[in-house]
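In: take this sequence and fold it.
(one chain, ligands or ions: 1)
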Amino acid sequence: MKLNGNSLDEVLMKETLSDEDIVFLLGLTEPEDCKKLQEAAYKKTTELMGNKVYYRGLIEVSNVCTVDCRYCGIRKDNYGVHRYTLSKEEILEAAMFAAENGYGSICLQAGERNDPKFVSFISDCLREIHRKTVSESLPNGLGITLSLGDQTKEVYEEWAEASGNLRYLARFESSNQELFDFLHNVLHKKSKQLEHRLQCLQWLKECGYQVGTGVMIGIPGQTLEDLCSDIRLYQKLEADMIGMGPYLMSEGGDLKSLGQTENKKLFQLSLNMLAVTRLVMGNINIAAATAMQVLDPQGRETAISYGANVVMPNLTPLQYREGYQLYDKKPGLKDDPETFGLKLEERINSKGREVGWNLSGSSRKWLNRTVLMALIWEAA
Ligand code: 5AD
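Out: From the prediction side, this is the model:
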């Protein structure tokens with residue numbers, strides 16, 4: 001396959017990809033072409049990030065949500081879901097399991113809530129987790145990523161003060177304004193604005209977080225050009241981490257009639273998006289989303305071979321998992337934390353990578369940025 005007389009090999013050798021190159025790469029479908037893209041992304045990952053894949057133990061803190069994102073199985077108006085919130089003890093237990101089993105970092109995720117009770121509950125948990133997980137093997141305690149939606153700058157500040165070195169993940173879902181509005185705004189319901197999400201990402205940066213964002217891939221109506229714009233927005237935001245995965249249908253969502261892209265096609269598109277993001281963004285952390293596993297039993301490992309370097313084994317207590325299904329057929333509802341991390345290690349090794357045990361795996365882009373800032377401060 002060729003683009004303007006350039007072979008795929010020539011495009012992949014370019015230092016800087018144009019929009020046209022990106023759209024071309026995203027659209028690859030022939031197995032031998034996809035393999036070339038995969039090899040280029042894998043090689044770049046090894047060069048810039050080394051050989052390690054980092055574990056973030058995922059703790060799904062609560063499925064209570066005040067928002068109605070139309071694609072999401074735990075949206076506020078889905079009355080078919082039994083709502084739960086873990087106790088502080090349950091959260092601490094899961095965090096301690098992560099620390100004691102060498103995970104190095106965790107991610108606390110929940111539906112969006114802005115009430116003061118919830119905000120201080122999270123602050124409390126952060127303080128406790130930090131205090132309890134500082135040890136010889138983790139001198140700075142567990143790395144913690146929060147994924148708790150849009151908040152005020154004051155709330156982001158409060159959480160950042162409760163525990164040092166925080167990360168935050170807030171996907172902007174789609175840079176296409178129309179698509180974003182279609183997904184998030186229904187008459188008479190609490191709406192979401194793309195501009196506000198971007199403002200939140202900016203605040204997070206100002207509060208010192210390592211900032212992650214991302215999109216859903218294969219949303220009905222989304223084009224390759226839209227995905228290219230998404231990557232351009234990652235660049236503009238100078239994202240430290242990216243978490244993205246395929247758009248999947250959800251029984252509890254409000255978009256069922258639109259269906260979902262055919263599995264094989266959606267899987268390859270998602271892999272291409274991962275690889276191109278790696279090529280364009282360089283030394284950031286990229287997660288192998290759980291949603292990839294819905295499309296292919298080896299989804300996560302394959303994502304690693306296309307440039308991902310983070311996986312998020314689920315540490316939510318088993319009895320709650322049923323309640324946190326953002327999309328249908330979510331895998332891992334019965335994965336036992338006791339054995340899962342080790343089984344996953346074998347699969348990661350099969351891709352020539354090793355698990356970064358006891359490492360919090362900070363984004364190298366963030367480290368470069370903050371070390372550079374420290375040097376500038378010192379010199380001033
Ligand atoms: N398909 C794929 N991803 C989804 N998410 C929510 N619902 C779905 C779905 N139906 C993703 C969103 C959100 C993240 C927590 O989960 O991108 O940011």
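In: is the ligand within reach of stretch 302-316?
Out: No. Stretch 302-316 does not reach the ligand (C-beta under 6 Å from any ligand atom); its nearest approach is 10.9 Å. To be clear about C-beta, it is placed using only N, CA and C from the backbone, and glycine gets the same treatment.
In: quick check: residue 313 vs the ligand, distance?
Out: 16 Å (C-beta to the nearest ligand atom, to the nearest Å).
In: what's that residue in contact with, if anything?
Out: By C-beta atoms under 8 Å, 6 or more residues apart in numbering, the contact set of residue 313 is 55, 56, 57, 58, 103, 335, 337, 340, 341, 344.
In: how does it look with 7 Å?
Out: 55, 57, 58, 340, 341, 344 (C-beta atoms under 7 Å, 6 or more residues apart in numbering).
In: what's the answer for residue 3, then?
Out: Counting by C-beta under 7 Å, 6+ apart, residue 3 has contacts 11, 20, 21, 24.
In: rerun that using 6 Å as the cut-off
Out: 11, 24 (C-beta atoms under 6 Å, 6 or more residues apart in numbering).
In: let me know the pLDDT of it.
Out: If you check residue 3, the pLDDT there is 76.
In: what do you get for residue 202?
Out: 98.
In: is the helix or strand containing it up against the ligand anywhere?
Out: Residue 202 belongs to helix 194-206 when assigned by DSSP states H and E. No. Taking C-beta under 6 Å from any ligand atom as the criterion, helix 194-206 and the ligand are apart, separated by no less than 10.0 Å.
In: and that helix, which residues are buried?
Out: For helix 194-206, the neighbour count (16 or more other C-beta atoms under 10 Å) marks 194, 197, 198, 200, 201, 203, 204, 205 as buried.
In: once you drop chain neighbours, what's closest to the fourth one?
Out: Put plainly, it is residue 200. residue 150 (5.0 Å; C-beta to C-beta, 6 or more residues apart in numbering).
In: need phi/psi at the closest residue to residue 212 other than its chain neighbours.
Out: Sequence neighbours aside, residue 241 is the residue nearest to residue 212 in space, at 3.3 Å (criterion: C-beta to C-beta, 6+ apart). Backbone torsions of residue 241, given as degrees, to the nearest 10, read phi -150, psi 150.
In: neighbours of residue 241, how many?
Out: As a burial measure, residue 241 scores 27 neighbours (other C-beta atoms under 10 Å).
In: same check on residue 350?
Out: So residue 350, with other C-beta under 10 Å, has 12 neighbours.
In: contacts made by stretch 104-119 with the rest, please.
Out: 56-67, 74, 95, 98, 142-149, 155, 312, 358-360.
In: and stretch 87-98, by the same measure?
Out: Taking C-beta under 6 Å, 6+ apart as the rule, stretch 87-98 contacts 57, 59, 106, 125, 128, 129, 315, 317.
In: show me the strands in the stretch 101-250 of the chain, by range?
Out: 105-110, 143-147, 166-169, 210-213, 216-217, 241-246 (DSSP state E, counting those that start in this stretch).
In: still on that earlier bit, how about CSV for the contacts of residue 313, with neighbour count, pLDDT and distance to residue 275 added?
Out: As requested, the contacts of residue 313 are exported to CSV (neighbours: other C-beta atoms under 10 Å; pLDDT from 0 to 100; distance: C-beta to C-beta, whole Å):
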residue, neighbour count, pLDDT, distance to residue 275
55, 27, 97, 22
57, 24, 97, 26
58, 23, 97, 24
340, 15, 89, 26
341, 22, 88, 26
344, 18, 92, 21
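In: export these as TSV, with columns for distance to the ligand and secondary structure.
Out: TSV is the format used below for the contacts of residue 313 (distance: C-beta to the nearest ligand atom, whole Å; DSSP: H, G, I helix; E, B strand; the rest coil):
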residue	distance to the ligand	secondary structure
55	18	strand
57	16	strand
58	10	strand
340	20	helix
341	21	helix
344	20	helix
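In: pick the one among the residues you listed closest to residue 221.
Out: Nearest to residue 221 among the contacts of residue 313: residue 58, at 29.2 Å, using C-beta to C-beta.
In: the closest one and residue 311 touch, don't they?
Out: No. With contact defined as C-beta atoms under 6 Å, residue 58 does not count as touching residue 311 (9.5 Å).
In: can you give me the helices in the stretch 151-300 of the chain?
Out: Counting by DSSP state H, counting those that start in this stretch, the stretch 151-300 of the chain has helices at residues 153-162, 177-184, 194-206, 224-237, 263-281, 292-295, 299-305.
In: so does the fifth one get close to the ligand?
Out: No. Among the residues of helix 263-281, none lie within reach of the ligand under C-beta under 6 Å from any ligand atom; the closest is 10.3 Å away.
In: roughly how far apart are residue 152 and residue 199?
Out: Distance of residue 152 to residue 199, given as C-beta to C-beta, to the nearest Å: 10 Å.
In: ok, now residue 319?
Out: Taking C-beta to C-beta, one finds residue 319 at 37 Å from residue 199.
In: do the same with residue 285
Out: 23 Å.
In: near the ligand, which residues of the stretch 201-350 of the chain are found?
Out: Counting by C-beta under 6 Å from any ligand atom, the stretch 201-350 of the chain sits next to the ligand at 216, 245, 247, 248, 250, 253, 291, 326, 327.
In: if you set the cut-off to 8 Å instead, what comes out?
Out: Within the stretch 201-350 of the chain, the positions near the ligand by C-beta under 8 Å from any ligand atom are 214-216, 243-250, 253, 255, 289, 291, 326-328.
In: buried only: go through those for me.
Out: 214-216, 243-250, 253, 255, 289, 291, 326-327.
In: rewinding a little: so which of the contacts of stretch 104-119 sit within helices?
Out: 95, 98, 155 (DSSP state H).
In: out of these, who has the most neighbours?
Out: residue 98 leads the ones in helices among the contacts of stretch 104-119 on contacts (other C-beta under 10 Å) with 28 neighbours.
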